[in-house]
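> Sequence first, predicted coordinates after that:
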There are 2 protein chains.
Amino acid sequence: MDLIMNIVAIVGAGPGDPELLTVKASRFIKEADVILHDNLVSDAILAINTTGEKIYVGRKFGDTTDQIERQQKINELLCAHYQKGKKVVRLKSGDPYVYGRAAEEARYLTEKNIPFEVIPGISAALAAANIFNIPITERKKSNAMLICTAHTADYSFEQLTGIAHMLKAGNTISIYMGLKSLHRIIPKLLEVCKDDTIPVNAASNVSRSNQEIITGTLGSIQEQIKNSTLQMPVVLLIGAHPIQ
Amino acid sequence: MDLIMNIVAIVGAGPGDPELLTVKASRFIKEADVILHDNLVSDAILAINTTGEKIYVGRKFGDTTDQIERQQKINELLCAHYQKGKKVVRLKSGDPYVYGRAAEEARYLTEKNIPFEVIPGISAALAAANIFNIPITERKKSNAMLICTAHTADYSFEQLTGIAHMLKAGNTISIYMGLKSLHRIIPKLLEVCKDDTIPVNAASNVSRSNQEIITGTLGSIQEQIKNSTLQMPVVLLIGAHPIQ
């Protein structure tokens, strides 16, 4: 039991397809003794580890358990398993630093003097852009891309203004966790951009066997989604059309 | 020679470490008969293919060759090698759709009815965030992240306003290809944000053996970089401190 060589790995699982893990993430997952994983980590990815213990520490949409307490429990589990000499992987869907709350765990591990490494993952917006050929940046069209959440639009005037200006300037906006908040987001974007022809893509379960995309405009997408069976998780890519 | 099963793969090479390729990218690179690669693709990544032909089609900083003509040549090479029945990989540093100009090649291949697939890569800003533990998103601090280039700040008032508003609202801005334009970018951000204590990280050669980071503020970073030997490529992460 060589504690000195051991580290805790905070690993990005990407969008769901095990082939979209990084080589490094795949290796850490395969070799782990204990995997603490979130709700959106795919079964296909968990299945590449055949021997380790898997502990579900996720939170589903609508779960009202206390966030601080939940995070504290995860931190304590990371610490406890590390101190037993286990190879611990903390597996987060997407990228650990893109809405993965890696900072809270990184700070805790730093305080406890537990060595750790954070391994990036392909985030949903980038996976969707590549898989569905949506040019989120393109010469002379879009030279910036914003990653935000459905909640962002409610947070401050400053942010909403920033988002709308970026979109008006021709850039691409990706909104995470937006499906249930479309009725709030779309009117706000329309209010500032005053253009209901701006393209909107709603990509669901990106890279998984049930992946799906609906393409419309700021004016049409709400009705299109209402008439569909589109499932969460959904990432919205606004401001670019898929190449066809 | 089974043309029907063959595709052209436009592959994201990530920041440079072969372990940060996706599993799928790594597989395509290893199996390729021909690899057309850019300037920033690392030697370590090219070395994982031991049998294929490697064709350099990149452009270095300061190169003034005609972009349209250069792209046309690349398109023709992709097509010619595909038609010979070769497994063709077009290898781009970072992510193909994040300043990788995948759209131009995807449109060409679509027109020519050549089947293709685009494989995402870890983009430099996300690699830097994970490797150096810079919380680009964090609960109650930053819930949005902007990816832009050093040129963006010159493009339009609309964009600059958007960038500055995002930064003022506490979000994180990543600027690609910014080292040589710092003297233009920093004054513009200071002008709008009026806060010279906003943190700035300049990360060079992320994930490679010579990786380096300089952390300062909007007020200090220019002087710090001037007194350093920081090498291109550099990605700037503005608005967050590394966890220490």
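Perfect, I can see it now. Numbers count the residues shown, from 1 in each chain, chains lettered A, B, ... in the order given.

> Quickly list what the most centrally placed residue in chain A is bridged to.
Here the mean C-alpha position of chain A is nearest to the C-alpha of A:Gly94 (Cα atoms, centre = their mean), at a distance of 4.2 Å. Listed beta-bridge partners, A:Gly94: A:Gly14 (assigned using DSSP bridges).

> where does it sit relative to B:Lys87, distance-wise?
For A:Gly94, the distance to B:Lys87 under the criterion Cβ to Cβ, to the nearest Å works out to 30 Å. (C-beta placed from N, C-alpha, C; glycine too.)

> Buried residues, the lengthiest helix in chain A. List them.
Among the elements of type helix in chain A, defined by DSSP state H, the one spanning the most residues is helix A:67-83. Residues of helix A:67-83 classed as buried by neighbour count (16 or more other Cβ atoms under 10 Å in any protein chain shown): A:Gln71, A:Ile74, A:Asn75, A:Leu77, A:Leu78, A:Cys79, A:His81, A:Tyr82.

> The fourth one touches A:Arg70, doesn't it?
No. Here A:Leu77 does not reach A:Arg70: they are 11.0 Å apart, not a contact under Cβ atoms under 8 Å.

> what's the overlap in contacts for the two?
Each of A:Val57 lies in contact with both A:Leu77 and A:Arg70 under the rule Cβ atoms under 8 Å, 6 or more residues apart in numbering or on different chains.

> Just give me the neighbour total for A:Ala129.
A:Ala129: 32 surrounding residues under other Cβ atoms under 10 Å in any protein chain shown.

> Quick check: which element contains it?
Per DSSP states H and E, A:Ala129 falls inside helix A:124-131.

> For the helix or strand following that helix, give the mean pLDDT please.
As assigned by DSSP H and E, the chain's next helix or strand after helix A:124-131 is strand A:144-149. Averaging pLDDT along strand A:144-149 yields 92.

> before we move on, what about stretch A:59-75?
Mean pLDDT, stretch A:59-75: 82.

> Give the next helix or strand downstream of the helix or strand of chain A with the lowest mean pLDDT.
Within chain A, confidence by mean pLDDT, DSSP states H and E is lowest for helix A:152-155 among all helices and strands, at a mean of 58. Moving toward the C-terminus from helix A:152-155, the first helix or strand encountered (DSSP H and E) is helix A:157-168.

> chain center to the helix or strand that that next one is followed by, what's the gap?
Past helix A:157-168, heading to the C-terminal end, the next element that is a helix or strand (DSSP H and E) is strand A:172-176. Centroid separation for strand A:172-176 versus its chain: 12 Å, with Cα atoms, centre = their mean, to the nearest Å.

> Point out where chain A drops to low pLDDT.
Where chain A drops to pLDDT under 70, the residues are A:1-5, A:61, A:152-157.

> let's go with 50 and repeat that
Scanning chain A for pLDDT under 50 picks out the ranges A:1-3.

> per-domain residue ranges of it.
By the assignment in automatic domain parsing, chain A contains the domains A:3-122, A:125-238.

> follow-up on the earlier one: report the distance from the helix holding A:Ala129 to the chain centre.
Using Cα atoms, centre = their mean, we find the averaged C-alpha position of helix A:124-131 to lie 11 Å away from the chain's own average C-alpha position.

> So which residues make contact with it?
Contacts made with helix A:124-131 from outside it, assessed by Cβ under 8 Å, 6+ apart, are listed as A:14-15, A:20, A:94, A:134-136, A:145, A:147, A:174, A:176, A:201, A:203, A:206-207, A:211, A:213, A:233, A:235, A:237, B:12, B:95-98, B:102, B:118-120, B:123.

> Swap in 7 Å and give it another go.
By Cβ atoms under 7 Å, 6 or more residues apart in numbering or on different chains, the surrounding residues in contact with helix A:124-131 are A:14-15, A:20, A:94, A:134, A:136, A:147, A:174, A:176, A:203, A:206-207, A:235, A:237, B:95-98, B:118-120, B:123.

> give me phi/psi at A:Pro115?
Reported as degrees, to the nearest 10, the phi and psi values for A:Pro115 are phi -70, psi 140.

> wait, A:Tyr56 sits on A:Leu36?
No. A:Tyr56 is not in contact with A:Leu36 according to Cβ atoms under 7 Å; the separation is 8.2 Å.

> Counting neighbours, go ahead and name the busier of those two.
The neighbour count for A:Tyr56 versus A:Leu36, taken as other Cβ under 10 Å, is higher for A:Leu36 (25 against 11).

> Point me to the helix or strand that includes that one.
Assignment of secondary structure by DSSP H and E places A:Leu36 within strand A:34-37.

> Following element in sequence after that strand, please.
Moving toward the C-terminus from strand A:34-37, the first helix or strand encountered (DSSP H and E) is helix A:43-46.

> next one: that following helix to chain centre, how far?
Going by Cα atoms, centre = their mean, the spacing between the C-alpha centre of helix A:43-46 and its chain's C-alpha centre is 16 Å.

> Give the next helix or strand downstream of that helix.
In the C-terminal direction from helix A:43-46 (assignment by DSSP H and E), the next one is strand A:53-56.

> What strands flank that next one, and is each parallel or antiparallel?
For strand A:53-56, the paired strands and their directions (DSSP bridges) are strand A:34-37 (parallel).

> Distance check, A:Ile186 against chain B.
Noted for A:Ile186: a distance of 18 Å to chain B, by Cβ to the nearest Cβ, to the nearest Å.

> Where does that residue sit, in terms of helix or strand?
A:Ile186 is part of helix A:182-193, with elements assigned from DSSP H and E.

> one step back: give me the distance between the next helix or strand after the longest helix of chain A and the centre of its chain.
Later in the chain than helix A:67-83, the nearest helix or strand by DSSP H and E is strand A:88-92. In terms of Cα atoms, centre = their mean, the centre of strand A:88-92 is set 15 Å apart from its chain centre.

> Show me what strand A:88-92 is packed up against.
strand A:8-12, helix A:23-31, strand A:34-37, helix A:67-83 (3 or more Cβ pairs under 7 Å, 6 or more residues apart in numbering or on different chains; DSSP states H and E).

> and the nearest residue to A:Lys141 once chain neighbours are set aside, how far is that from A:Leu146?
Take A:Lys141 and drop its neighbours on the chain: the residue closest to it by Cβ to Cβ, 6 or more residues apart in numbering or on different chains is A:Gly170, 5.9 Å away. Distance of A:Gly170 to A:Leu146, given as Cβ to Cβ: 12 Å.

> Alright, I will stop here.
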